[in-house]
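>>> No sequence on hand, only this structure:
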């Protein structure tokens, strides 16, 4: 579920930021406070003089906690709250420069791509009313031409001799006197028919009709085929290069409603200043971008390795200049990383934060420990958030005409079972609730169409009947729950 109301950052105090996060995430107040302060400091920095503004760097955050406690969700919801460019990457996917694999610069390029798409969509929405008017006109002209095509083809069915006599007669008339311009009945009729078609399109009367339209697509430059990194990593803007070959033009048969959407998108893109979009996107990345670096503990050295370790210390050293502040070349231009907020996270079951190289530890000054979730937390997760699992299942069943209701004792039992399974097997946090709920709802989801118009109550007895046997059998619960 997306946060629909975008709140201006200047009106978001740390307390309000925490309150917004509370709508979707249960507990973890320390982590919420840390990210709220980091976000507010960005606004405070923008109010300073340019000289002092450049001196103040973001205080990057290290979140420590087991899986499924809300580390990723806190960062993701924070980015959605203020429409900041956000990307989640896993540290384990990177390799040291010089080895096959993704280099750490790619996360900045990914962030820039996301920012460009974000700004582009915003500009398209702004231009949509005007673009839609153009799309209506374009579609009306297309439909009018299609209806007149048979008449034109009949008009062309003249013999060559008749066409010659018509040309000679027209030439003689032109020599005798200049024609007096009179309003063309044909043009007037065409305008009238076009106006009628426009009214039909706007009323939706012809939405289900089909029409053949031509869609133009750019072919991918062939250089990317021969290079694992592609043009982007070479620092070239593929948008400035013409495709190596013809443009791909394909004809598609779509409904009038679909054609209108396609034409609206095309017209809106024509109205957008591409360079302004890229400039604003880069500005957002540099000033408000957030990179969530997950599984940071997996690249922490254990101290037992001998010699260079490609996937651990080498990657940490490659991360240093990015986090400290450097310039990364993207296909849209150079991007400075000085003021990008980095939020690193890891479970640190085997490694410790002190196993990270000292330089990287120094670049993650704010450390927040997230607490493991218990049965009481699970109970709140099932009911309190706006996107709670129980509400999701109620809405899903409502599409089949089934009124689903969870009793308080059923919620308590589901939370207890999830906590018990986590304690006896691997602790995967709130993700266990998804597994338990899916198992609980399996039969009802399958038979829902047969219960249309009915009211189904999920109580403690129902939960126990569906899950008790699986929970008792430890070996079975390892595989099923």
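Here it is on my side, so go on. Just so we're clear, the structure is a prediction, and the values are computed from it rather than from any experiment. Residues are numbered from 1 along each chain as shown.

>>> What residues does residue 402 make contact with?
444, 448, 451-456 (CB atoms under 8 Å, 6 or more residues apart in numbering). (Glycine included, C-beta is placed from N, CA and C.)

>>> redo that, cut-off 6 Å
Contact analysis of residue 402 by CB atoms under 6 Å, 6 or more residues apart in numbering lists 448, 451, 456.

>>> From those, list just the buried residues.
Buried by 16 or more other CB atoms under 10 Å: 448, 451, out of those.

>>> ok, of the contacts of residue 402, which one's closest to residue 295?
residue 448 (37.8 Å; CB to CB).

>>> now the closest one: how far from residue 107?
To residue 107, residue 448 is 42 Å away according to CB to CB, to the nearest Å.

>>> and after the helix or strand containing residue 410, which helix or strand comes next?
Assigned by DSSP states H and E, residue 410 belongs to helix 408-424. Scanning forward in sequence from helix 408-424 by DSSP H and E, the next helix or strand is helix 431-447.

>>> buried ones in that following helix?
Across helix 431-447, burial judged by 16+ other CB under 10 Å covers 432-433, 436-437, 439-441, 444.

>>> Tell me which two in these are the farthest apart.
With CB to CB as the measure, no two of the buried residues of helix 431-447 lie farther apart than 432 and 444, at 19.8 Å.

>>> that older thread, could you list the buried residues of the helix holding residue 410?
410-419, 421-422.

>>> Return the member of those residues nearest to residue 120.
Of all the buried residues of helix 408-424, residue 418 has the smallest distance to residue 120: 41.3 Å, by CB to CB.

>>> May I have the residues that are in contact with the residue nearest the centre of the chain?
Nearest to the mean C-alpha position of the chain, by CA atoms, centre = their mean, lies residue 114 at 7.8 Å. Residue 114 is in contact with 85, 87, counting by CB under 6 Å, 6+ apart.

>>> mind checking how far it is from residue 461?
Residue 114 is 48 Å from residue 461, by CB to CB.

>>> repeat for residue 403
Relative to residue 461, residue 403 is positioned 19 Å away (CB to CB).

>>> same thing with residue 405?
Taking CB to CB as the measure, residue 405 falls 14 Å from residue 461.

>>> Residue 207 too?
Taking CB to CB, one finds residue 207 at 49 Å from residue 461.

>>> quick one: what helix or strand has residue 323 in it?
Residue-wise, residue 323 maps onto helix 313-324 under DSSP H and E.

>>> Repeat that for residue 145.
helix 105-155.

>>> how much does that helix deviate in direction from helix 313-324?
70 degrees (axes from the mean of the first three to the mean of the last three CA atoms, to 10 degrees).

>>> if you average pLDDT over helix 105-155, what comes out?
Mean pLDDT, computed over helix 105-155, is 83.

>>> could you measure the closest residue to residue 272 other than its chain neighbours against residue 190, distance?
Using CB to CB, 6 or more residues apart in numbering and skipping the chain neighbours, the partner closest in space to residue 272 is residue 123 (4.9 Å). As judged by CB to CB, residue 123 and residue 190 stand 34 Å apart.

>>> Isn't residue 315 up against residue 300?
No. Look at residue 315 against residue 300 with CB atoms under 6 Å: they stay out of range, at 10.3 Å.

>>> buried ones in stretch 133-149?
134-136, 138-140, 142-144.

>>> ditto for stretch 253-267
Buried-residue list, stretch 253-267, by 16+ other CB under 10 Å: 256, 259-260, 262-264, 266-267.

>>> What of stretch 360-372?
360-361, 363-364, 368, 370.

>>> so which of these would you say is closest to residue 67?
For the buried residues of stretch 360-372, the nearest to residue 67 is residue 370 (10.4 Å; CB to CB).

>>> Tell me the first helix or strand C-terminal of the host helix or strand of residue 261.
Assigned by DSSP H and E, residue 261 belongs to helix 256-271. Proceeding N to C from helix 256-271, the next assigned helix or strand is helix 274-288, under DSSP H and E.

>>> Could you tell me which other helices and strands that following helix packs against?
Counting contacts by 3 or more CB pairs under 6 Å, 6 or more residues apart in numbering; DSSP states H and E, helix 274-288 packs against helix 105-155, strand 333-336.

>>> still on that earlier bit, measure the residue nearest to the centre of the chain to residue 85 for me?
Look at residue 114 and residue 85: by CB to CB, they are 5 Å apart.

>>> just residue 323 next, same as before
17 Å.

>>> Residue 456 too?
Distance of residue 456 to residue 85, computed by CB to CB: 43 Å.

>>> cool, and residue 72?
16 Å.

>>> between the two, who's got more neighbours?
A direct count of neighbours by other CB atoms under 10 Å for residue 72 and residue 85 places residue 85 higher, at 26 against 16.

>>> For the more buried one, list the residues it contacts.
Contacts for residue 85 (CB under 6 Å, 6+ apart) come out as 111, 114-115, 284-285, 289.

>>> how's this structure carved up into domains?
Split into domains by automatic domain parsing, the chain comes to 9-117+277-369, 127-153+186-275, 375-468.

>>> lowest-pLDDT helix or strand in the chain?
When the helices and strands of the chain are scored by mean pLDDT, DSSP states H and E, helix 223-226 comes last with a mean of 36.

>>> Let me know the closest of the buried residues of helix 431-447 to residue 15.
Closest approach to residue 15 among the buried residues of helix 431-447 (CB to CB): residue 433, at 28.4 Å.

>>> Give me the contact list for stretch 56-71.
Stretch 56-71 is contacted from outside by 25, 28, 31, 34, 45, 339, 341-345, 347-348, 363-370, 372-373, 427-431, using CB under 6 Å, 6+ apart.

>>> can you list contacts of the helix or strand containing residue 186?
In this structure, residue 186 is located in helix 185-203 according to DSSP H and E. If you take CB under 6 Å, 6+ apart as the criterion, helix 185-203 is touched by 136, 140, 143-144, 206.

>>> Quick check: buried residues in that helix?
Using 16+ other CB under 10 Å as the burial criterion, the residues of helix 185-203 that qualify are 197-198, 200-201.

>>> And those, which two are furthest apart?
Across those, the longest distance by CB to CB is 7.3 Å; it joins 198 and 200.

>>> show me where pLDDT drops low in the protein?
1-10, 96-101, 148-184, 216-248, 302-311, 472-481 (pLDDT under 70).

>>> and residue 416, what does it touch?
residue 375.

>>> Distance of it relative to residue 460?
10 Å.

>>> My understanding was that residue 259 contacts residue 214; is that so?
No. In this structure residue 259 lies outside contact range of residue 214 using CB under 6 Å: 10.7 Å.
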